[in-house]
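> Okay, structure incoming, though there's no sequence with it:
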C-alpha cells in the first residue's frame with residue numbers, strides 16, 4: 001500500500017485526518033467524540049488499535065474534542081508543540097508522561113516510515129501549526145485554520161501530490177450573515193480563516209506538476225456551501241490556466257462523513273522499450 005489518507009471530518013464542528021503507509025498509521029487532530037472517531041476510522045477500513053499516534057495542530061475544541069479519550073483508550077502518543085501542550089492540558093484530561101511528545105514548530109520528525117514537517121500558520125491559537133507528510137517520493141500537505149497563506153507556507157507545501165486546503169467562507173455570505181460583527185471581523189482577519197477566493201489564489205502558487213487532488217476543507221456551515229466553494233475555487237484556478245478534471249481534481253469534505261481512502265500512487269516510469 002502506498003501513502004494514503006482520509007479526511008475523517010472537516011469543519012467548525014470537528015476535524016480529524018488519517019494518513020498512513022504499510023507500516024505507519026497516524027491521526028492529525030481528534031476533534032470528534034471518541035465514539036465518532038472510532039466509527040469514522042472503521043468506516044474507511046482502518047483499525048483504531050493500529051493507530052501509532054496523534055499529531056495536534058492547535059488547541060481549539062474542534063481539533064481536540066476527543067483527543068484525551070482516544071489517547072487513553074488506545075494508549076497513543078500525542079505530538080504537539082510546547083505552547084499547544086500548555087494551552088490544551090486542562091481540556092484533554094490526564095495524559096501519562098510516556099504519551100507526551102514535543103513536536104516543535106518548523107521542524108521535521110520521523111515517525112515510522114513517514115517524514116513529517118511542521119510549519120506555522122496564522123490563527124488565533126497559542127502556536128498553531130500544520131503538517132506536510134513525505135513517504136518515499138510522495139507528498140501530502142494540510143493547510144487549514146489560517147487567516148492568510150504566506151510565502152513561507154507556500155514554499156513548504158508547494159507541489160504536493162495532494163492537499164487538504166481550507167476554503168472556509170464566501171465573503172458575501174459572511175458579511176450578510178447572522179454572526180455578530182466581532183466574530184465576522186475575527187474570521188476575516190489575518191488570524192481567522194481564508195475565504196474561497198483567497199484559498200484559490202494561494203492554490204495557484206502551490207499547484208505543481210505532481211499535484212493531482214485538492215480537498216476543500218473546513219467549510220463554514222453558515223457562511224459557505226459545498227457547491228459554492230468548489231465553483232469559486234474552480235473559477236479562479238481556471239482563470240489562471242489550471243484545468244480541473246482529468247489530472248487535477250477538486251474534492252469535497254464533510255464535517256460528518258469521512259472521505260474514501262485516497263492512495264497516492266507512484267507513476268510508473270519506463271524507458272520506452274516495449
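Good, I have the coordinates. For clarity, every value in this text was computed on a predicted model and none was experimentally measured.

> all strands for the stretch 1-150 of the chain, in order.
Counting by DSSP state E, counting those that start in this stretch, the stretch 1-150 of the chain has strands at residues 4-9, 16-20, 25-28, 53-55, 78-80, 100-102, 108-111, 114-120, 129-135, 138-143.

> Which one of those lies nearest to residue 189?
In terms of C-beta to C-beta, the element of these nearest to residue 189 is strand 114-120, at 16.4 Å. From N, CA and C alone the C-beta is placed, and that goes for glycine too.

> now the closest one and strand 16-20, what's the angle there?
If you take axes from the mean of the first three to the mean of the last three C-alpha atoms, to 10 degrees, strand 114-120 sits at 150 degrees to strand 16-20.

> in strand 114-120, what's buried?
Neighbour-count burial for strand 114-120, with 16 or more other C-beta atoms under 10 Å as criterion, is recorded at 114, 116, 117, 118, 119, 120.

> hmm, back to that, columns distance to residue 196 and mean pLDDT on top of the strands of the stretch 1-150 of the chain, output as CSV?
Shown next, in CSV, are the strands of the stretch 1-150 of the chain (distance: least, C-beta to C-beta, whole Å; pLDDT from 0 to 100):
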stretch, distance to residue 196, mean pLDDT
strand 4-9, 17, 98
strand 16-20, 20, 98
strand 25-28, 23, 98
strand 53-55, 27, 98
strand 78-80, 29, 98
strand 100-102, 35, 98
strand 108-111, 31, 98
strand 114-120, 22, 98
strand 129-135, 19, 98
strand 138-143, 14, 98
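
> Relative to residue 47, tell me which of these wins on proximity.
strand 25-28 (8.4 Å).

> neighbouring strands for the closest one, and are they parallel or not?
The strands beside strand 25-28 in its sheet (DSSP bridges) come out as strand 16-20 (antiparallel), strand 53-55 (parallel).

> Who are the contact partners of the residue lying closest to residue 43 once chain neighbours are set aside?
Spatial nearest neighbour of residue 43, chain neighbours left out: residue 258 (5.6 Å); criterion: C-beta to C-beta, 6 or more residues apart in numbering. Contact partners of residue 258, counting by C-beta atoms under 8 Å, 6 or more residues apart in numbering, are 6, 7, 8, 9, 18, 40, 43, 44.

> Got a ChimeraX select line for the buried ones in those?
Selection command for ChimeraX covering only the buried members of those, criterion 16+ other C-beta under 10 Å:
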select :6,7,8,9,18,40,44
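
> So what sits opposite the most centrally placed residue in the chain in the bridge?
With distances taken as C-alpha atoms, centre = their mean, residue 142 lies nearest the centre of the chain, 3.9 Å away. On the basis of DSSP bridges, residue 142 is bridged to residue 164.

> So it sits against residue 130, correct?
Yes. Assessed by C-beta atoms under 8 Å, residue 142 is found in contact with residue 130 at 4.8 Å.

> Now do the shared contacts for these two.
In contact with both residue 142 and residue 130: residue 57, using C-beta under 8 Å, 6+ apart.

> Quick one: end-to-end distance for stretch 202-216.
13 Å (C-alpha to C-alpha, to the nearest Å).

> Give me the residues contacting that stretch.
Residues contacting stretch 202-216 (C-beta under 8 Å, 6+ apart): 7, 10, 139, 141, 149, 154, 157-167, 194, 199, 226, 229-230, 233, 236-237, 240, 242, 247-253, 259, 262, 264.

> Pull out the buried positions in the helix ranked longest in the chain.
Ranked by number of residues, the top helix in the chain under DSSP state H is helix 226-239. For helix 226-239, burial by neighbour count (16+ other C-beta under 10 Å) applies to 228, 229, 230, 232, 233, 234, 236, 237.
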